[in-house]
Structures are given as structure tokens and as C-alpha cells.
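Engineer: Would you be able to build a 3D model of this:
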Amino acid sequence: MPSKRRAVTAGPFPFGNPDGSRADLDDLTRDFVDFGGNPAYGHLATKPNDSMVRVIVGKLGAGKTVYLRRLQDFQAHQESVYSDPPQQDLPKTEVIVKACQWFPGPVLVEKWMQIWERAIVRSLATHLLRRPALRHQLDDEHVAELEASYGRLLGTSLRPRSIYSQVRDIINERQTAHQLSAFLDDPLWDDLEDLMGEILGQCRPVYMYLDAVDEEFGHAPMYWLKCQEGLFYQVMRMLRNHRLGGRLHIVVCIRDIVMSSVARTEHAPRYHNEPHIRVLNWDRESLLYLFRRKLERLPPGLLMRRPADRPPSIGDWLGVNGDWPGLDGSETIDDYLLSHTRMIPRDLVSLGNELSEEVVRAKQAGQDAVDPEAVRTVVARCAKRFGDSQLAQCANQVSSDQMPGNAGQYDFSETFTSSREYIQDVHDQLRELVGTVRFDRFTRPELDVLQDLASQEYGIGTDLASVLWQNGLLGYVDYLGQRRFYSLGDVDEFHLPPDVKTYVLHPCLVYAVGGIQQIELGPDGPR
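Structural biologist: Okay, here's the model as predicted:
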């Protein structure tokens, strides 16, 4: 009796889980594409045993959490160090807003540096006192001194506390800017830091990891920006602390626009090619490398054809031959797919998973290629989802720009940062505003009209062009005729360049808004 033929299925995540923070660690480690340590791919080739890393920079969805978890997992298997699991219990956005609104702009980053420094020391103390792996290395005299002499700084705890929880408590336990400053400036902190350095000198090196620091970023971008800037500067300063720097390793993730903000300061040259910073700067070549390695790992049932003499290409995967019509004229299927993502691994993985389902359908139907219309449908659907997500980030940023200066003090900042109805209204308004642009390519006068409409709607405090630029939805055509969108390669260009002839909307935004005509380029120009 012949055996029954098993149906080919794509499975839920043939390209991997798009969310690196929730993926199983074993699956994440197995599926990770490590670039073979090739320095040509820059910091994307960071190895898991790289103990120099202190800051990982990247867009939302660039893989910061994945790299952080790999680093932590390696150290967790080393008996010579203490490695705490990645911390993810962020303070609420309202707490961040309250602290930001207590202090004027010129001193805000400095205050956040102090808050993070005190939170790190407090958290470290709870681990030294309450974590058995560290507690047995302390002298009784040190334990007694910590508990008896520094209670007003450390508070009370029965279990180890995270750095994030200490940030929350430091802010919430004070009612005014004066109270918070008095606590942060207490001279007893100097004595405590010296004692902590003495204690760490007899303990194993301590590794602590701050993950998910950008998960709430979109709820109040400019407030979280200052918070993350303070974290960045403090981590880099602590690295050079002669008491703690060699024994305490704080590893954090920050958003790309935070690094852009740092690049606009007088301290920028200090962090250029800084060996303790890893920038996850994805471009066409690195994403194609990732894509092709993913294809190599697919089972034969998820490929339309598998060449015998070389690794499968994207064309082999989908059964596509020749060029593919695109916005910039005839292009490869590779460029067509990448141009409809935000140039981040999360989008590539998500798109790959959905197109794999089309491969399965085509093979089960006896076809030798995925129908081109099916490819375009999936790409359009994914692009719209990516654009909706990014447009929501813009709406959050615009809403935080509109927040009154005293919102945090009177506990109504949540109306502007978390209210679903309010954010949805701003999101819908943004969609309508962008929809007034008839074509995806336009000139400076047309951009000025869009900005004027935004100013009438939101006030002059909102620079809509820069918001769209920072979120990768608005770009420009460079001197080579190529579309350029914000990336970490433009880290010092926080605002949209004003002196270009043609601006362009990202295809993701075009699909998210709808009704905008895409201008395709043929051999002789636009058509």
C-alpha cells in the first residue's frame, strides 16, 4: 500500500520569529546569521564573546535585543563572571515625562545621567546583598556597612532589584525637582561608590543588561530621547570610572535617533569609532546576505527550485526569472522586496514568512513559480503593515510635541502618551495630511504646503517633515537619482536635508495612506 503523501506546510516561522525578545533563546541562537565574523559587515558581525560591548545602537526592529541576548547568554555560561538576565521591566512613560518636565532642557540630559548612575549603584547593591552567587563573596564588614550606613540612599529590598525599578522608585519617591536634586546630590553617594568599588574588587565581574529600553519610545519620543541620551552618556562615563569600570559591565540598547542626537553635540568626535559601541547599520548588502543565508536553511519544500551547483537565490525561492518591474525602472526581485521594507531584519523575516506561504500554495497547485500578482499582493499587504506601524510612531511623536509643559506634574501626561483614542485621532489626521500629496515624488514647494497644513493642525512646534524623515517615511532623491531615507549612515542628519530638488515618500507610507500615485521611472525618466 503506497504511503500517504505529506502536505508541504510553511510552518509559522520558516524565516524565524520577527520578535527577537520573545523568540526562544535556543531557536534564536540556532537561526542567528552571524556574518562569519566578516569585518566588511561592520558591527553586524559582532561575536557573542565580545566583552567590550557597552552600547548597541539600531532602529526599532534592527535586532538589538537579539544581539544583547547572545552576549548575555555567552557570559551566563562563564563561571568566572556574574551575568544577570536582560532587564525588561521599563518604568512607565508617565514617570519619564514627569522627571523631564521637572527640569529645563539645558540640564535635562545631565539629570538623567545622575538618575541612571544612582539607579545602577542601587541595583548593584541589591544584587550584592541578595543574590547568593554574589553574597557569599562579601565580607561581613562590608555587608554591615552597606546595610547600616547607606540606608537612606539604598532603601529597602528583600530581593535583587533591576536598574529600571530603581529609576522608577528614585523618581516616584520624590515630589518636586528640588527633592530629586537633593537626593541625587547627596554627598554620601561618593562614599558609597568608593565602597562598591572596594567590594567589586573581591567579587567576580558583574554583567547587567538593559533591554527593551526603546519599547515605549514611541509613546513620548522626545522625552524618552533625553532619558536614553542620559543612559548612553552615563554608561560611557561609568566605563572610565576607576572604581567600577573594570568590574561592572553595563550593556544597553538605544535607538538610532538617540545616536543621531549625540552626533549633533560637541562631544560627537569622542564617540566616533568608539570600540565599546556597536551600531547595527543594515543596508542593501547586509540584508541580502541575511536573506540568502535564511534561504539556504529552508527545506526543499519551501523553495520553488533548488540549484544543484550553488546556493538558492531569491529568484529560485519564488521561481522568478529576469528583472522585476519596480519604481526605479527594471530592477531585480531582490531590490523590489527590500524597497518595500524599512530595511530592518524584522520586516525581512515577516515578509519572508508570508511569501513562504505563497510558495507552498504554488507548489501544491503544481506551478513552477509563484504568481507575480500573488507576490505583489503579499508585498503590498506587508508594506502597508510596516507603514501603519511607522505612521503610528509618527503620531505618537506628534502627540508628545503637543503635550503641555506641566502635564507630568499634574498626572495628565498619559492623555497624550497612552490614550488610544487620542493617538488614533492624531494617526488619522496624519494619514489625511499625507494623503493630500498626490504623488510619491514632489518638490520643496509641495513639501512646504504639507508643512503649512501640519502647522495649522498641530501648531508650529511640530516639524512634520523631520518627524517623517526620522521615522524613515520621507526621503529624497540624491544626485545619482536614487531614493535616500534616514539610516544610521546619516547619523548626523537629524532633520530632513532642505536643499534637494526632489523629495519622495517611502512605499510603505504610500500603501499605508492609499490614494497616492507612485511615479515609476522608465529608461527616459518618470512615466
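Engineer: now the longest helix along the chain: mean pLDDT?
Structural biologist: Identified as the longest helix of the chain according to DSSP state H is helix 372-401. With pLDDT averaged residue by residue, helix 372-401 scores 89.
Engineer: Kindly report the same for stretch 508-515.
Structural biologist: Computed over stretch 508-515, the average pLDDT equals 94.
Engineer: ok, back up a step: how far away from the center of its chain is the longest helix of the chain?
Structural biologist: Chain-centre distance of helix 372-401: 16 Å, with C-alpha atoms, centre = their mean, to the nearest Å.
Engineer: Same check on stretch 280-297?
Structural biologist: Using C-alpha atoms, centre = their mean, the offset of stretch 280-297 from its chain centre is 18 Å.
Engineer: So what touches it?
Structural biologist: When contacts are defined by C-beta atoms under 8 Å, 6 or more residues apart in numbering, stretch 280-297 is touched by residues 15-16, 31, 33, 35, 41-44, 56-59, 62-64, 67, 303, 311-314, 316-317, 334-335, 337-338, 341, 343-345, 348-349, 352, 487-489. All C-beta atoms are positioned from the backbone trio N, CA, C, and that covers glycine.
Engineer: returning to that earlier point: may I see the buried residues of the longest helix of the chain?
Structural biologist: 374-375, 378-379, 382-401 (16 or more other C-beta atoms under 10 Å).
Engineer: next one: stretch 292-305
Structural biologist: Under the neighbour-count criterion of 16+ other C-beta under 10 Å, stretch 292-305 has 292-295, 298, 301-304 buried.
Engineer: A362: neighbouring residues, count only.
Structural biologist: For A362, the count of nearby residues is 18 (other C-beta atoms under 10 Å).
Engineer: for A220, that is, sorry about that
Structural biologist: A220 has 29 neighbours, counted by other C-beta under 10 Å.
Engineer: if we can go back for a sec, just the buried residues of stretch 292-305: which are in helices?
Structural biologist: Counted as lying in helices by DSSP H, out of these, are 292-295.
Engineer: What subset of the contacts of stretch 280-297 is buried?
Structural biologist: Going by neighbour count (16+ other C-beta under 10 Å), these have 15-16, 31, 33, 35, 41-44, 56-59, 62-64, 67, 303, 312-314, 316-317, 334-335, 337-338, 341, 343-345, 348-349, 352, 487-488 buried.
Engineer: Okay, domains of the chain per the record?
Structural biologist: 40-279, 284-370, 380-526 (automatic domain parsing).
Engineer: For the stretch 1-150 of the chain, which segments count as strands?
Structural biologist: Remark: strands assigned in the stretch 1-150 of the chain by DSSP state E, counting those that start in this stretch are 55-58, 82-83.
Engineer: Any chance of a markdown table for the ones you listed, columns distance to Q202 and mean pLDDT?
Structural biologist: As requested, these are exported to a markdown table (distance: least, C-beta to C-beta, whole Å; pLDDT from 0 to 100):
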| stretch | distance to Q202 | mean pLDDT |
| --- | --- | --- |
| strand 55-58 | 28 | 94 |
| strand 82-83 | 13 | 96 |
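Engineer: Out of the ones in helices among the buried residues of stretch 292-305, which comes closest to P498?
Structural biologist: Among these, R292 lies closest to P498 (C-beta to C-beta), at 38.1 Å.
Engineer: What separation is there between the closest one and W317?
Structural biologist: 10 Å (C-beta to C-beta, to the nearest Å).
Engineer: before we move on, back to that, of the contacts of stretch 280-297, which belong to helices?
Structural biologist: 31, 64, 67, 314, 316-317, 334-335, 337-338, 345, 348-349, 352.
Engineer: now, the most widely separated pair of those?
Structural biologist: K64 and D316 (31.3 Å).
Engineer: and the residue most central in space within the chain, what are its phi and psi?
Structural biologist: Among the residues of the chain, L60 comes closest to the average C-alpha position under C-alpha atoms, centre = their mean, at 2.6 Å. Phi and psi for L60, reported as degrees, to the nearest 10, are phi -60, psi 120.
Engineer: Quick check: nearest residue in space to it, chain neighbours excluded?
Structural biologist: For L60, ignoring the flanking residues on the chain, the nearest one in space by C-beta to C-beta, 6 or more residues apart in numbering is D214 at 6.1 Å.
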